[in-house]
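Novice: output the structure for:
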Amino acid sequence: MAIDSTNSLGTGNLSLQKAGESQVDDVMRAMPHALGPEKSILSSMLQNPLEYVSTAIEEKLTKEHFYLPAHGIIFELLLEFFEKGMQVEVVALVQKLIDKNLLESVGGPAAITELYSYAPNAAHFLTHLNFVKDKHTLRSIIHSCNEAITNAYDNPEDVPQLLDTVETNVLAIRENAEVNRAITTSLAVKDVMEQFAQLCSSERKAQGILTGYDKLDEMCGGLKPGEMFIIAARPSMGKTSFMMNIVEHICIDQKKPSMVFSCEMTTTQIVQRLLFSRARYRLSDLTKGITPSKKDLLNIRRASEEITNAKLFIDDTAGISINDLRAKARRKKRDEDIQMIAVDYLQLMRSLSKQAANSREREVAEISSGLKALAKELSIPVIVLAQLNRGPEGRTGSKPRMSDLRESGSIEQDADLVGLLYRSAYYANDNEERKEEEGVADLNLAKNRNGETGDIPLTFIAPLMRFESGHPAQEPGAA
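Specialist: Have a look, this model is predicted:
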């Protein structure tokens with residue numbers, strides 16, 4: 001019995017009684033289902049298994065899509081016959097059900113015979129299949145909502161984890177409802193040949209998003225969807241500057257919407273760095289009393305306009321949890337179609353799960369795997385900065401290794417790319433050596449899941465907080 005909106009706000013026992021009756025009605029309502037279409041598609045599969053069982057597989061139909069358990073049993077048996085190359089016919093199907101002690105569960109031989117002759121027209125197969133899938137989606141939504149309600153009552157203290165679980169479950173329903181249809185061989189060949197022609201004409205040097213550093217793009221093929229790129233270094237090596245240089249190239253030069261999560265710096269500080277680095281203006285000149293030239297002012301104005309027009313989203317929540325980050329990233333992907341995420345930096349994030357409460361290593365592992373899962377879920381690359389431990393200081397040459405990643409080996413395992421940033425001047429023994437090594441930097445691509453590894457020479461222009469390709473000796477005017 002539905003509640004009358006004009007009376008439900010009244011006082012007294014009447015409205016409570018009506019509300020109670022409505023709740024009882026809701027509980028007693030049957031879950032969404034379509035038994036006729038279920039029987040129809042099973043009938044079509046019985047009559048023409050080669051055509052319709054294969055179509056059902058392509059459409060990702062499963063036993064769980066069927067509301068009636070008996071229909072799910074029959075469907076699963078049809079799949080078994082199809083996969084083994086056995087001929088599907090009533091007698092063999094009944095015998096198989098007898099062997100599995102399932103014949104009575106599906107309604108006996110008469111039910112199989114009825115199914116075989118049920119479908120009035122197999123041409124309606126896809127229409128009826130979509131009916132079944134839609135009802136399953138509705139049941140999944142109801143189940144997910146009921147589960148969320150139960151957890152909200154039973155675990156009121158773990159709200160962040162509950163929010164992430166609810167959002168993940170809802171997104172999973174959408175993903176399961178969608179079918180990624182296979183492309184034909186002819187279309188695949190055409191796509192491959194187009195890529196080949198582009199490579200031959202040097203129009204395309206990478207399969208992913210270009211970083212702006214030619215050697216890095218050549219070695220990794222650009223940042224690809226689903227990849228996690230870890231940039232690790234000791235403090236003061238310029239991790240944030242290098243990350244923002246990549247973000248600048250992707251978001252401003254390539255006009256791809258991007259999102260930055262900064263646990264260390266405020267949005268104003270990040271934009272200030274980005275603005276003056278892009279304008280190639282040394283902000284330190286102002287503190288020295290040097291007035292900006294007309295050219296400097298024009299460059300600053302141009303850079304400010306470019307940044308203003310770019311779709312760059314910055315979240316500077318300190319100590320953001322992996323659950324909050326994933327939720328915010330999902331919404332930005334949905335609303336703005338972001339193409340890349342950058343995180344500064346991993347060890348400043350938090351995981352609020354109970355398992356991580358007593359183990360920092362477990363917490364970092366959950367954050368790392370969560371970021372990798374996010375990259376795959378949104379099908380975009382994720383750049384993550386990470387801190388190294390003091391290992392480099394204790395070694396000759398002070399060059400970092402992947403084993404220096406702080407607090408968890410899972411970071412190395414989850415990452416598709418690991419770049420170790422190093423500036424030799426930082427470890428110079430005296431001023432003369434420091435002057436010789438000034439500006440020299442290297443990114444050691446220590447892990448590359450789909451390509452070669454090795455050193456990538458860079459030049460660090462400290463006053464501009466900017467990295468450029470090649471060593472200073474290779475580009476005399478760079479510094």
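
Novice: quick one: pLDDT of the nearest residue to Ser258 once chain neighbours are set aside?
Specialist: Closest residue in space to Ser258, ignoring its immediate chain neighbours: Cys251 at 4.1 Å, by Cβ to Cβ, 6 or more residues apart in numbering. Where C-beta positions appear, they are placed from N, C-alpha and C, glycine not excepted. Cys251 is assigned 92 on the pLDDT scale.

Novice: where's Cys251 relative to Tyr213, distance?
Specialist: 15 Å (Cβ to Cβ, to the nearest Å).

Novice: between those two, which one's more packed in?
Specialist: Between Cys251 and Tyr213, Cys251 has the larger neighbour count (other Cβ atoms under 10 Å), namely 26 against 23.

Novice: got a list of what the more buried one touches?
Specialist: Shown in contact with Cys251 (Cβ atoms under 8 Å, 6 or more residues apart in numbering): Pro257, Ser258, Ala310, Lys311, Leu312, Met340.

Novice: tell me if it really is in a strand.
Specialist: No: assigned with DSSP: H, G, I helix; E, B strand; the rest coil, Cys251 falls outside any strand and is helix.

Novice: in the protein, which helix or strand is least confident?
Specialist: In the chain, no helix or strand scores lower on mean pLDDT, DSSP states H and E than helix 13-28, which sits at a mean of 44.

Novice: following that one, which helix or strand comes up?
Specialist: Remark: after helix 13-28, the chain's next helix or strand is helix 35-47, criterion DSSP states H and E.

Novice: going by contacts, tell me the helices and strands next to that following helix.
Specialist: helix 49-58, helix 69-83, helix 109-116, helix 125-154 (3 or more Cβ pairs under 8 Å, 6 or more residues apart in numbering; DSSP states H and E).

Novice: between these, which has the poorest mean confidence score?
Specialist: helix 49-58 (a mean of 78).

Novice: in that one, which residues are buried?
Specialist: Within helix 49-58, the residues that count as buried by 16 or more other Cβ atoms under 10 Å are Pro49, Tyr52, Val53, Thr55, Ala56.

Novice: and for stretch 160-178?
Specialist: Residues of stretch 160-178 classed as buried by neighbour count (16+ other Cβ under 10 Å): Pro160, Gln161, Leu162, Asp164, Thr165, Val166, Glu167, Thr168, Asn169, Val170, Ile173, Asn176.

Novice: now the fifth one: how far from Gly226?
Specialist: It stands for Thr165. 22 Å.

Novice: the fourth one now?
Specialist: Asp164 sits 20 Å away from Gly226 when distances are taken as Cβ to Cβ.

Novice: for the stretch 151-300 of the chain, what spans make up the helices?
Specialist: Remark: helices assigned in the stretch 151-300 of the chain by DSSP state H, counting those that start in this stretch are 159-177, 185-200, 214-220, 239-248, 267-278, 284-287, 294-309.

Novice: among these, which comes closest to Gly419?
Specialist: Checking the helices of the stretch 151-300 of the chain against Gly419 by Cβ to Cβ gives helix 214-220 as the closest, at 7.6 Å.

Novice: alpha carbons of that closest one, as PDB, please.
Specialist: Output of helix 214-220 as PDB, limited to C-alpha atoms (Å, rounded to 0.1, in the frame of the first residue of the first chain):
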ATOM      1  CA  ASP A 214      61.700  12.200 -25.700                       C
ATOM      2  CA  LYS A 215      64.000   9.600 -24.300                       C
ATOM      3  CA  LEU A 216      61.400   8.600 -21.700                       C
ATOM      4  CA  ASP A 217      58.700   8.400 -24.300                       C
ATOM      5  CA  GLU A 218      60.900   6.400 -26.600                       C
ATOM      6  CA  MET A 219      61.600   3.800 -23.900                       C
ATOM      7  CA  CYS A 220      58.100   3.400 -22.400                       C
END
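
Novice: most tightly surrounded among the helices of the stretch 151-300 of the chain?
Specialist: Among the helices of the stretch 151-300 of the chain, helix 239-248 has the highest mean neighbour count (mean count of other Cβ atoms under 10 Å), at a mean of 23.

Novice: residues contacting that helix, please?
Specialist: 211-213, 231-233, 258, 260, 264-265, 270, 273-274, 277-278, 312, 340, 342, 344-345, 383, 385, 421, 443, 458, 460, 465-467.

Novice: between it and helix 294-309, how big is the angle?
Specialist: Between helix 239-248 and helix 294-309, the angle comes out at 70 degrees (axes from the mean of the first three to the mean of the last three Cα atoms, to 10 degrees).

Novice: now do helix 239-248: distance to the chain's middle.
Specialist: 21 Å (Cα atoms, centre = their mean, to the nearest Å).

Novice: then stretch 29-49?
Specialist: 35 Å.

Novice: who touches that stretch?
Specialist: 52-53, 56, 61, 66-68, 71, 74-75, 78, 81-82, 88, 90, 93, 114-120, 122, 124-125, 127-129, 131-132, 134-135, 138-139, 142.

Novice: Met219 is in contact with Glu452, correct?
Specialist: Yes: counting by Cβ atoms under 8 Å, Glu452 touches Met219, with 5.4 Å between them.

Novice: name the residues contacting each of the two.
Specialist: Jointly contacting Glu452 and Met219 under the rule Cβ under 8 Å, 6+ apart are Leu445.

Novice: domain boundaries for this structure, per the record?
Specialist: Using automatic domain parsing, the domain ranges for the chain come out as 28-181, 209-469.

Novice: deepest-packed of those domains, please.
Specialist: domain 209-469 comes out most buried of the domains of the chain by mean count of other Cβ under 10 Å, with a mean of 18.
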